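*Asks:* fold the stuff below for me.
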Amino acid sequence: MTTVKLQNLDCANCAGKIEKRLNELDELSNVKLNFATSTLSFEQKSEKNLLDKIENEIQKIEKQVLIIKDETKKQRTFWELLNKKLLLITIISIILTFISYNYVSNKNLQLILYVTAYLLVGRDVIFQAIKNIKNGKVFDEHFLMSIATIGAFALGEYVEGIAVMLFYQIGEMFQAVAVNNSRDNINALIDIKPEFANVKEGENIIQKTPENVKIGDTILVKVGEKVPVDGILLSKKCSFDTSTITGEFKPKTINENEELISGYINISNASYIKVKSLYKDSTIAKIVELIENAASKKASAEKFISKFAAVYTPIVVIFAVLLSTLPPLFIQGAVFTDWIERGLIFLVISCPCALVVSVPLSFFSAIGAISKRGVLVKGANYVEKLTEIRNIVFDKTGTLTHGVFEVTDIKSKLLPEDELLKLAAYSESFSTHPIALSIVKAYGKEIDLKHIITHEEFGGMGIKAIVDNKEVLIGNTKLLTKFNIQHDDVKENLSAILIAIDNVFAGYIVVDDIIKTEAKS
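*Replies:* Numbers count the residues shown, from 1 in each chain. Purely as a prediction, here's the structure:
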């Protein structure tokens, strides 16, 4: 399977035409064009390089679409997404039309300015209509726009002809912005894919793409890096941020010989992992594939519109011809000029662009908007199903809450609360665990390390430290039980961090997730 990226693909309807055309080629099979990511995948029946031929076939349908190398792009602004060339042409055309209409009295000069303005905005549409006719595809929006606007010129309605083409191009321009904005949102979600894997070969660490990692390889995942493939932890233990995959904000500690999933982010210490599956079979690859294929699963409304448009356009043309010719033949006093103008108006207002473009574009934009908020949708058909929802069950963490630890309460039995928080912060100051970081942040003052005499970490339990000659135990119930310290049965919160000072239970600190202000109660 060969995969390439396309540039300047802004029309969902055209994407369907391109896919259909390429599937008709004898040299290709299983052609799939993902409009959401501008990705074209296909299988070819020979070793011959067919990219030039494929691009040529694509440009018979959409001449501005190009095959490009795959590259990662940042989220673009509205101005970056805007087709500046088309915008400039549109502005010039408007200026020429305004000058000709208001300040030019010479009919010949006026006509020259009108024709120039029209060709500036309508040239691409007319050329595309001619190209489609040569390829045997007559009835499409380019054909309708061309005959309607040229007909307007033939009737002397120059401004109307230019205006129709102007509005069409402006609509195309904003459609491209909407499409590219949604595409950027979807691509940003796809960025969860790890870019590399540190593979151990002998005494060396070789950086490879995840696709080139083999089952049985040993890989090194450093702090802050993503696990590139599913595997088994070889190191003693390691903590991971699993929120990208699970949505849970609480870090997960993986012990030696336990399985871990690709996409987890290492937050504690560099660890070795034994690969147990290829990248294509890993969890992260399946999620990326789900995102990439989301827009390809059409809703029933999209399927209907695609079939409807195929017969709708020819019918519109036939009705326009009948509207232009029959009334003058059968109605007394009817003038051909008036009815031809009405037929042309009928063609313009009946152009299928709104139907053919708006339905798939609305679903695509919805997927893009949802993706921007980190939500995975399996396809447009599921977006359509949202209209039938009556009740919603939310996952709390990261959805209704911020997904970040904060100290929400301090209960002290021996010391003032600020003193208990200080001892806790000093004890946790060497740890990179998110709970430890939240306690240090809540303390809010600089940590003077000379006050910390000893520091010892107990995996999965907590920390023992001597701070200002006080022995501090901070962690969960397992830690206090290990040192035979009696403590209160804390039921208020599962994220209560217990603290003992000099072998006496001193209280606890509650660390929890904070509800978002926009979350409705």
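
*Asks:* pretty sure Val125 is in a helix, no?
*Replies:* Yes. Val125: assigned to a helix according to DSSP: H, G, I helix; E, B strand; the rest coil.

*Asks:* what's the neighbour count on it?
*Replies:* Val125 has 20 neighbouring residues, counting by other Cβ atoms under 10 Å. C-beta here means a position set from N, CA and C on the backbone, and glycine is covered the same way.

*Asks:* tell me the contacts of it?
*Replies:* His142, Met145, Ser146, Met165, Tyr168, Gln169 (Cβ atoms under 8 Å, 6 or more residues apart in numbering).

*Asks:* from Val316, how far off is it?
*Replies:* Using Cβ to Cβ, to the nearest Å, Val125 is found at 17 Å from Val316.

*Asks:* repeat that for His455.
*Replies:* Separation of His455 from Val316 (Cβ to Cβ): 79 Å.

*Asks:* swap in Asp512?
*Replies:* For Asp512, the distance to Val316 - Cβ to Cβ - is 61 Å.

*Asks:* per the record, what domains does this protein have?
*Replies:* Residue ranges for the domains of the chain, per automatic domain parsing: 2-71, 80-189+297-368, 197-292, 398-515.

*Asks:* where are the low-confidence patches of the stretch 201-350 of the chain?
*Replies:* Within the stretch 201-350 of the chain, the ranges that satisfy pLDDT under 70 run 247, 249, 291-310.

*Asks:* so where do the strands sit in it?
*Replies:* For the stretch 201-350 of the chain, the strands defined by DSSP state E, counting those that start in this stretch cover 204-208, 218-221, 231-233, 237-241, 252-255, 259-260, 265-266, 271-275.

*Asks:* I'd like these as JSON lines, with distance to Leu86 and mean neighbour count appended.
*Replies:* Converted to JSON lines, the strands of the stretch 201-350 of the chain look like this (distance: least, Cβ to Cβ, whole Å; neighbours: other Cβ atoms under 10 Å):
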{"stretch": "strand 204-208", "distance to Leu86": "42", "mean neighbour count": "12"}
{"stretch": "strand 218-221", "distance to Leu86": "46", "mean neighbour count": "21"}
{"stretch": "strand 231-233", "distance to Leu86": "49", "mean neighbour count": "21"}
{"stretch": "strand 237-241", "distance to Leu86": "43", "mean neighbour count": "22"}
{"stretch": "strand 252-255", "distance to Leu86": "50", "mean neighbour count": "17"}
{"stretch": "strand 259-260", "distance to Leu86": "49", "mean neighbour count": "16"}
{"stretch": "strand 265-266", "distance to Leu86": "42", "mean neighbour count": "21"}
{"stretch": "strand 271-275", "distance to Leu86": "49", "mean neighbour count": "21"}
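
*Asks:* Leu344: which of those strands is closest?
*Replies:* strand 265-266 (60.6 Å; Cβ to Cβ).

*Asks:* and that closest one, what other elements does it pack with?
*Replies:* strand 237-241 (3 or more Cβ pairs under 8 Å, 6 or more residues apart in numbering; DSSP states H and E).

*Asks:* give me the contacts around the strand it packs on.
*Replies:* Under Cβ under 8 Å, 6+ apart, the answer for strand 237-241 is 227, 251-256, 260, 264-269, 271, 433-434, 459-460.
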